[in-house]
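J.: Here is my input, please return the structure:
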Amino acid sequence: MDEHASQAGVERLFSPQSVAVVGASEASLGSYVFQNLHRDFPGRLYPVNPKRAEVHGVKAYRGVDDLPEAVDMVVILTPAVTVPGIIEASAKRGIGGAVVLAAGFAEAGAEGKAAQQRMTDVARAHAFPIVGPNCNGFYNGQRQVAATFAIPTDMDRPKLGPVAVVSQSGNVAVNALCPGPIQTPLLEELLASLRVAAAEVCCSTRQKLCAQIITASASAMVFIT
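T.: Residues are numbered from 1 along each chain as shown. I've put the predicted structure just below:
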């Protein structure tokens, strides 16, 4: 998430009423993420895949320019080299923001680093908010938005409550969402009160922005950086 992002776009991104999944498929992560959203999300959901007419029985679209509306959030799972172009097309279309789950950016070498810089430049030019890249996404229980592959599609969702968790560590956020053997009774009590959980959204230097994002739906926040 960048401090240049517009507040309106950030609000649309984290509390969307319409979502497109670019790279939605019936296998691998593209299937996992789409099914997670399809299971609970009460808004409008569009798969984007130029090679398929349908994804899990839902009409698919070739690209963001072909969508029937400018959605609030686009989730991207395509190769890193394609992402800057998708971000630019999304921003020009009037889409609210993006969750880039795709990997292969700065962590993967010079080519990936260049792709990440292009993506960042485009996002800043349009004040376009991005969660990612190479992240676990986020979960908003209040809005029933599971924009992540970190939650099993058949897992019971965390109960709603007044606490928001923002973690730079994807593993910490996953453990917060998914019960595991390391949990203590105290931790279980805390996690039971989750309203929003986000993975790799911010670091300590960006806590002010994240506070603006979440305070509307949570009375307390926990930052793990």
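
J.: what domains does the record give for this structure?
T.: When the chain is parsed with automatic domain parsing, its domains come out as 7-131, 150-224.

J.: Would you mind putting those into a markdown table with mean pLDDT alongside?
T.: Formatted as a markdown table, the domains of the chain follow (pLDDT from 0 to 100):
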| stretch | mean pLDDT |
| --- | --- |
| domain 7-131 | 95 |
| domain 150-224 | 57 |
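
J.: show me where this structure has strands.
T.: Counting by DSSP state E, residue ranges of the strands within the chain are 18-22, 44-48, 54-55, 58-59, 73-76, 97-100, 130-131, 138-140, 145-147, 163-167, 194-199, 220-224.

J.: Quick one: closest of those strands to residue 66.
T.: Among the strands of the chain, the nearest to residue 66 by CB to CB is strand 44-48 (7.9 Å). Placement of C-beta: from N, CA and C, glycine included.

J.: buried ones in the closest one?
T.: 45, 46, 47, 48 (16 or more other CB atoms under 10 Å).

J.: Repeat that for stretch 86-106.
T.: By 16+ other CB under 10 Å, the buried positions in stretch 86-106 come out as 86-91, 93, 95-106.

J.: what are the C-alpha coordinates of it, in PDB please?
T.: Extracted in PDB, the C-alpha atoms of stretch 86-106 (Å, rounded to 0.1, in the frame of the first residue of the first chain):
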ATOM      1  CA  ILE A  86      -3.300  -4.700 -15.800                       C
ATOM      2  CA  ILE A  87      -2.800  -2.000 -13.200                       C
ATOM      3  CA  GLU A  88      -2.800   0.700 -15.800                       C
ATOM      4  CA  ALA A  89      -5.900  -0.600 -17.500                       C
ATOM      5  CA  SER A  90      -7.600  -1.000 -14.200                       C
ATOM      6  CA  ALA A  91      -6.800   2.600 -13.100                       C
ATOM      7  CA  LYS A  92      -7.900   4.000 -16.500                       C
ATOM      8  CA  ARG A  93     -11.200   2.000 -16.300                       C
ATOM      9  CA  GLY A  94     -12.000   3.600 -12.900                       C
ATOM     10  CA  ILE A  95     -11.500   0.400 -10.800                       C
ATOM     11  CA  GLY A  96     -11.000   1.200  -7.100                       C
ATOM     12  CA  GLY A  97      -7.800  -0.800  -6.300                       C
ATOM     13  CA  ALA A  98      -5.900  -4.100  -6.700                       C
ATOM     14  CA  VAL A  99      -4.700  -7.000  -4.600                       C
ATOM     15  CA  VAL A 100      -1.600  -8.400  -6.300                       C
ATOM     16  CA  LEU A 101      -1.200 -12.000  -5.100                       C
ATOM     17  CA  ALA A 102       1.200 -12.700  -8.000                       C
ATOM     18  CA  ALA A 103       4.900 -13.400  -7.200                       C
ATOM     19  CA  GLY A 104       8.000 -12.900  -9.300                       C
ATOM     20  CA  PHE A 105       8.700  -9.300  -8.500                       C
ATOM     21  CA  ALA A 106      11.700  -7.700  -6.600                       C
END
